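Asker: Got a sequence here, can you model it:
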Amino acid sequence: MSNNKDSEDDNRTKRTVAYVHSREYIETCDSLSKVPNRASMVHSLIEAYSLLPHMKVLKPRVATMEEMAAFHTDSYLQHLHKISQDGDNDDPQSVDFGLGYDCPVVEGIFDYAAAVGGATLTAAQALLDGKCEVAINWAGGWHHAKKDEASGFCYVNDAVLGILKLREKHDRVLYIDVDLHHGDGVEDAFTFTSKVMTVSLHKFSPGFFPGTGDLSDTGLGKGRWYAVNVPLEDGIRDDRYYQVFTSVMQEVRALFNPEAVVMQLGADTMAGDPMCSFNMTPVGVGKCLQYVLDWELPTLLLGGGGYNLANTARCWAYLTATVLGQSLASEIPDHEFFTEYGPDYSLEVSPSCRPDHNHAQQLERVVTAIKVVA
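Answerer: Okay, here's the model as predicted:
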């Protein structure tokens with residue numbers, strides 16, 4: 001038994017990992033008004049824990065208009081480009097493209113979208129070229145954007161662009177979304193195809209954005225049964241989440257037999273997030289990630305939501321270490337953002353004492369319904 005465990009650990013340690021990063025990219029992503037400086041906080045913590053030497057650091061390129069048009073419409077991209085040049089908030093057409101309240105128009109927003117799209121394409125290309133087995137873009141994962149509109153802080157759907165890139169070589173790509181919110185933009189993009197399976201575990205309750213992702217939403221046409229939705233209630237914790245996750249993913253893998261995986265790891269599920277919904281810790285999400293990594297498929301990892309910036313950095317630093325087979329000290333190392341981690345200055349995220357509204361029977365019904373479909 002212990003020998004197997006040792007060889008498993010060896011495999012994890014030897015995994016080749018690419019990490020998309022450049023100073024310019026971080027600065028561009030820091031400008032996103034909903035998560036100011038988050039990209040810097042995440043990168044600085046990963047660097048402070050000395051994880052960079054264990055990875056290939058890839059400088060991201062900027063996506064071209066043509067590359068983004070693999071998913072987004074020309075009219076949307078051209079409008080985004082036009083208003084981005086002068087930060088024009090008054091263009092009457094903007095509302096038709098979802099730009100405004102949730103997705104404010106700011107100067108340079110097109111450059112931000114092209115940077116994020118290009119970073120995820122850089123990561124996907126590294127997987128295609130065999131340069132790595134896992135590629136990471138923590139500043140990516142903007143899963144709400146539709147082909148012709150921005151939505152939910154997402155201006156470009158880099159997850160869709162990454163999946164399309166992987167499809168150039170891999171016949172079946174599995175998308176797994178563990179963000180608090182339903183991965184609606186990605187599901188919509190592939191709702192009619194059996195070549196991409198989308199699985200989303202998310203909060204589903206009346207009035208909660210984006211309002212989609214019911215258990216009965218399973219894809220359309222040739223894509224029927226290739227969208228899997230796992231609706232959850234507030235308060236879920238690590239153990240129960242992992243149980244549901246593994247039960248569903250076991251079925252999904254048996255049915256779909258993916259050749260590559262894209263996983264969106266939004267950290268707004270963490271205890272302490274201002275969304276105040278799920279009650280997860282990085283350890284629970286890390287176990288879910290490890291379950292997928294053990295399949296040993298080319299895997300693209302993306303960020304997403306996460307509005308308690310310190311906990312998001314804790315989560316993604318911990319997940320980076322999980323991918324690398326490294327363990328991290330509990331004490332946050334001294335670095336530029338050290339003061340953000342008070343009062344305890346530790347890596348752990350503790351669950352709050354909020355009740356879990358997910359009842360075992362209801363979760364059993366959800367998992368059983370998915371198994372019947374699979």
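
Asker: Would you check that residue 349 makes contact with residue 273?
Answerer: No: in this structure, residue 349 is not within contact of residue 273 by CB atoms under 8 Å, at 9.5 Å. To be clear about C-beta, it is placed using only N, CA and C from the backbone, and glycine gets the same treatment.

Asker: Need the residues touching each of these two.
Answerer: residue 311 (CB atoms under 8 Å, 6 or more residues apart in numbering).

Asker: Quick one: the strands in the chain, in order.
Answerer: Applying DSSP state E to the chain gives strands spanning 17-20, 56-58, 134-137, 173-177, 196-203, 227-232, 260-264, 299-302.

Asker: Would you reformat those strands as JSON lines and include mean pLDDT?
Answerer: Shown next, in JSON lines, are the strands of the chain (pLDDT from 0 to 100):
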{"stretch": "strand 17-20", "mean pLDDT": "98"}
{"stretch": "strand 56-58", "mean pLDDT": "98"}
{"stretch": "strand 134-137", "mean pLDDT": "98"}
{"stretch": "strand 173-177", "mean pLDDT": "98"}
{"stretch": "strand 196-203", "mean pLDDT": "98"}
{"stretch": "strand 227-232", "mean pLDDT": "97"}
{"stretch": "strand 260-264", "mean pLDDT": "98"}
{"stretch": "strand 299-302", "mean pLDDT": "98"}
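
Asker: Can you add mean neighbour count and distance to residue 33 and give the ones you listed back as JSON lines?
Answerer: Listed next are the strands of the chain as JSON lines, based on neighbours: other CB atoms under 10 Å; distance: least, CB to CB, whole Å:
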{"stretch": "strand 17-20", "mean neighbour count": "23", "distance to residue 33": "22"}
{"stretch": "strand 56-58", "mean neighbour count": "15", "distance to residue 33": "27"}
{"stretch": "strand 134-137", "mean neighbour count": "28", "distance to residue 33": "20"}
{"stretch": "strand 173-177", "mean neighbour count": "27", "distance to residue 33": "23"}
{"stretch": "strand 196-203", "mean neighbour count": "26", "distance to residue 33": "23"}
{"stretch": "strand 227-232", "mean neighbour count": "24", "distance to residue 33": "28"}
{"stretch": "strand 260-264", "mean neighbour count": "25", "distance to residue 33": "21"}
{"stretch": "strand 299-302", "mean neighbour count": "27", "distance to residue 33": "20"}
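
Asker: Tabulate those strands in a markdown table, adding columns for distance to residue 98.
Answerer: Below are the strands of the chain laid out as a markdown table (distance: least, CB to CB, whole Å):
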| stretch | distance to residue 98 |
| --- | --- |
| strand 17-20 | 26 |
| strand 56-58 | 31 |
| strand 134-137 | 23 |
| strand 173-177 | 20 |
| strand 196-203 | 20 |
| strand 227-232 | 22 |
| strand 260-264 | 20 |
| strand 299-302 | 21 |
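
Asker: Residue 127 and residue 166 touch, don't they?
Answerer: Yes: distance between residue 127 and residue 166: 6.7 Å, which falls inside the contact criterion (CB under 8 Å).

Asker: Which neighbours do those two have in common?
Answerer: Contacts common to residue 127 and residue 166, judged by CB under 8 Å, 6+ apart, are 260, 298, 300.

Asker: Just give me the closest of those residues to residue 74.
Answerer: Closest to residue 74 out of the shared contacts of residue 127 and residue 166 is residue 300 (25.9 Å), distances taken as CB to CB.

Asker: Residue 281 and residue 273 touch, don't they?
Answerer: No: between residue 281 and residue 273 no contact is recorded; they are 11.4 Å apart, counting by CB under 8 Å.

Asker: Pick out the residue nearest the middle of this structure.
Answerer: residue 264 (2.1 Å; CA atoms, centre = their mean).

Asker: contacting residues for it?
Answerer: 141, 143, 159, 175-179, 183, 186, 302-304.

Asker: These into CSV, with extra columns for distance to residue 153?
Answerer: Putting these into CSV (distance: CB to CB, whole Å) gives the following:
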residue, distance to residue 153
141, 11
143, 10
159, 14
175, 19
176, 21
177, 15
178, 17
179, 12
183, 14
186, 15
302, 14
303, 12
304, 10
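
Asker: before we move on, the earlier item: of all the strands of the chain, which lies closest to residue 356?
Answerer: Of these, nearest to residue 356 by CB to CB is strand 227-232, at 9.9 Å.

Asker: Spell out which strands sit alongside that closest one in the sheet and which way each one runs.
Answerer: If you go by DSSP bridges, strand 227-232 pairs up with strand 196-203 (parallel).

Asker: would you list every one of the helices in this protein?
Answerer: Along the chain, counting by DSSP state H, helices occupy 2-14, 23-30, 38-48, 65-68, 74-86, 109-128, 158-166, 184-189, 238-256, 282-293, 309-324, 360-373.

Asker: What is the end-to-end distance of stretch 33-43?
Answerer: 18 Å (CA to CA, to the nearest Å).

Asker: One more: stretch 225-234?
Answerer: Start-to-end, stretch 225-234 (CA to CA) is 26 Å.
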